[in-house]
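[1] Starting from these lines, generate the structure:
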Amino acid sequence: MRQFGLVFSYSFKERLRSKAFKIMTVIMIVLLAALIILPKFLNAATESTDGDIVILDQTGTVRNTDGFKEQVSGSYDWRIIEQKDLAAEQARLENEDVVLGIVTLTEQNNQPVLTVTVNKQDDSADYLGQLNYYVQNLYRMSQLEKLELNQSDKERVTASLKVQVEELKAGSKSITTTYMPIYLITFLLYFLIYLYGGNVATSVSVEKGSRVKEILITKVKPTQLLFGKVLGVGLAGLLQFAIIIAAACLMLMGSGGGADIELLGFQIDFTFLDAKTIVVLSIFFILGYFFYAALFAAAGSLVSRSEEINQATLPVSLLLMGALVLAVLSMMNVDGTLATVTSYIPFFTPFVMFARVGMSDPSLTEISVSIGILLITTLAACWLSAKVYQIGVLLYGQKPSPKLIYKAMRSL
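    All right, here's what the predicted structure looks like:
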């Protein structure tokens, strides 16, 4: 046990002292700052207007421009002009001098006609639909006033359709509210497992290249070396993750943000994450990390030089990437056959089953069976990786073929 503690302590401290640990921590905090704080500055910057849009009303419908800024577009200053000012405003529009559009409202055969004059059609694309809807409502209200209807009749004529949605399964999770948060968390899970598992493989290959393992393998059991390395690097990774999450929480509190953030125009709300989802996420992260870290460690022990590490770990990386892709595909139908079947395959379980738990309501039996299968497979992977690790760290100058590894394992 003492040897295991020494290996664990060495791996943990070595990871903390590394430049990669410090640089990655800083980069992640900076990226989170850009994600959380930058949109607020951009929103503040967009409060300034792009230019003027002038309105020439020949029907007596438009009385003020307050509603245009609120209901149509706040990116422009809306002004009402008279017929005598039209020529001057058209010249300013052609010269692109503040004026970006001219809106003319007329009547033809007792029908309202809305004409929008711009230099290019694309210039009106961001407000034309809302402008048409808003002016149409203004014209309708103006005509109703001319009919001298009483207030109750006006309300009946102008009443909007009220839409109500009744859920037969009230309280069930909706893909609309859960897709983006679960997608981001699943990608983060993939990133962390890949990053920390790759660190294990790199650390093993570097130490093997320095011939340190030749001495250690005679003093410490291979399982102690493997698990000490995996636990040491994993704990350093969890510490790094905790630092990043703490920084994100502080930035959210400092920026006045709540439980939801805005990303590329989408509101991402994490308030639906209940205790069960968080517990399941933690279990799948721990088991998924040990499962893939053991495979990465075995792959790292098979190379003689650290330059060959990418080639050796490619099969494991492809499996990990395939798990992420399957999880994303399963999110479109978390109760479908693809999601159900792949959630019991150990290579994919940490990602697919978490997506099912986050976006649907699988039974406790389904969750327990998937965790049990993953746990047994993780123990088997660790045992097998320890055997490969014991052989691989002593292979120098030989290309490790499956036949060579099989013979060496039989001799143990």
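
[2] Could you identify the helix or strand that succeeds the longest strand belonging to the chain?
    The longest strand of the chain (DSSP state E) is strand 99-108. Taking DSSP states H and E as the definition, the helix or strand that follows strand 99-108 towards the C-terminus is strand 111-117.

[3] Quick one: list the elements packing against that next one.
    Here strand 111-117 is seen to pack against strand 99-108, helix 128-146 when contacts are counted using 3 or more CB pairs under 8 Å, 6 or more residues apart in numbering; DSSP states H and E. For every residue, glycine as well, the C-beta is placed using N, CA and C.

[4] sorry, back to before: could you spell out the sheet neighbours of the longest strand of the chain, each with its direction?
    Paired with strand 99-108 in the same sheet, following DSSP bridges, are strand 51-57 (parallel), strand 111-117 (antiparallel).

[5] Could you check the last one and say which residues are buried?
    Meaning strand 111-117. Of the residues in strand 111-117, those scored as buried under the neighbour-count criterion (16 or more other CB atoms under 10 Å) are 112, 116-117.

[6] Nearest to Phe348 among these?
    Comparing the buried residues of strand 111-117 against Phe348 with CB to CB places Val116 closest, at 53.1 Å.

[7] ok, that closest one touching Leu105?
    No: with contact taken as CB atoms under 8 Å, Val116 and Leu105 are classed as non-touching, separated by 10.2 Å.

[8] between the helices and strands packed on strand 111-117, which has the poorest average model confidence?
    Note on those: helix 128-146 shows the lowest mean pLDDT, a mean of 83.

[9] can you list the residues that contact that helix?
    If you take CB atoms under 8 Å, 6 or more residues apart in numbering as the criterion, helix 128-146 is touched by 59-62, 67-68, 71-73, 103, 105, 112, 114, 116, 124, 154, 157-158.

[10] Now tabulate the strands paired with strand 99-108 in TSV and tack on mean pLDDT and distance to Phe347.
    TSV is the format used below for the strands paired with strand 99-108 (pLDDT from 0 to 100; distance: least, CB to CB, whole Å):
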stretch	mean pLDDT	distance to Phe347
strand 51-57	88	56
strand 111-117	87	57
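
[11] quick one: secondary structure of the most far-flung residue of the chain relative to its centre?
    If you look at how far each residue of the chain sits from its centre, by CA atoms, centre = their mean, the farthest one is Glu148, at 55.3 Å. Local secondary structure at Glu148 is given as coil here, using DSSP: H, G, I helix; E, B strand; the rest coil.

[12] What is the burial count for Trp383?
    12 (other CB atoms under 10 Å).

[13] List the buried residues for the host helix or strand of it?
    Secondary structure assigned from DSSP H and E places Trp383 in helix 364-392. Applying a neighbour-count criterion of 16+ other CB under 10 Å, one finds 366-367, 370-371, 373-375, 377-378, 381-382, 385-392 buried in helix 364-392.

[14] Same question for stretch 335-346.
    Within stretch 335-346, the residues that qualify as buried by neighbour count (16+ other CB under 10 Å) are 339-340, 342-346.

[15] From Leu32, how far out is the residue sitting nearest the centre point of the chain?
    Among the residues of the chain, Leu184 comes closest to the average C-alpha position under CA atoms, centre = their mean, at 2.7 Å. Distance from Leu184 to Leu32, counting by CB to CB, to the nearest Å: 12 Å.

[16] what about Ile245, how many residues close to it?
    Neighbour count for Ile245, taken as other CB under 10 Å: 12.

[17] Contact partners for it?
    Not one residue lies near Ile245 by CB under 8 Å, 6+ apart.

[18] part of a helix, is it?
    Yes: going by three-state DSSP, the assignment for Ile245 places it inside a helix.

[19] what about it, distance to Leu239?
    Ile245 is 11 Å from Leu239, by CB to CB.

[20] Phe285 now?
    From Phe285 over to Leu239 (counting by CB to CB), the distance is 14 Å.

[21] who's more crowded, the two?
    Set Phe285 next to Leu239 and count neighbours by other CB under 10 Å: Phe285 wins out with 20 against 15.

[22] How about that one, nearest residue that isn't a chain neighbour?
    Excluding the flanking residues, the one nearest Phe285 by CB to CB, 6 or more residues apart in numbering is Leu189, at 5.9 Å.

[23] can you check Ala20 too?
    Asn199 (7.7 Å).

[24] Using the three-state scheme, assign that neighbour.
    Recorded secondary structure, Asn199: helix (three-state DSSP).

[25] OK, contacts around it?
    Contact partners of Asn199, counting by CB under 8 Å, 6+ apart, are 15, 20, 233, 237.

[26] do that again at 10 Å, thanks
    Contact partners of Asn199, counting by CB atoms under 10 Å, 6 or more residues apart in numbering, are 11, 15, 18, 20-21, 24, 229, 233-234, 236-237, 293, 296, 300.

[27] Could you do Ala355 as well?
    Applying CB under 10 Å, 6+ apart, one finds that Ala355 lies in contact with 178-179, 182-183, 185-186, 189, 326-331, 334, 339, 342-343.

[28] count of neighbours near Asn95?
    Asn95 is flanked by 10 other residues according to other CB under 10 Å.
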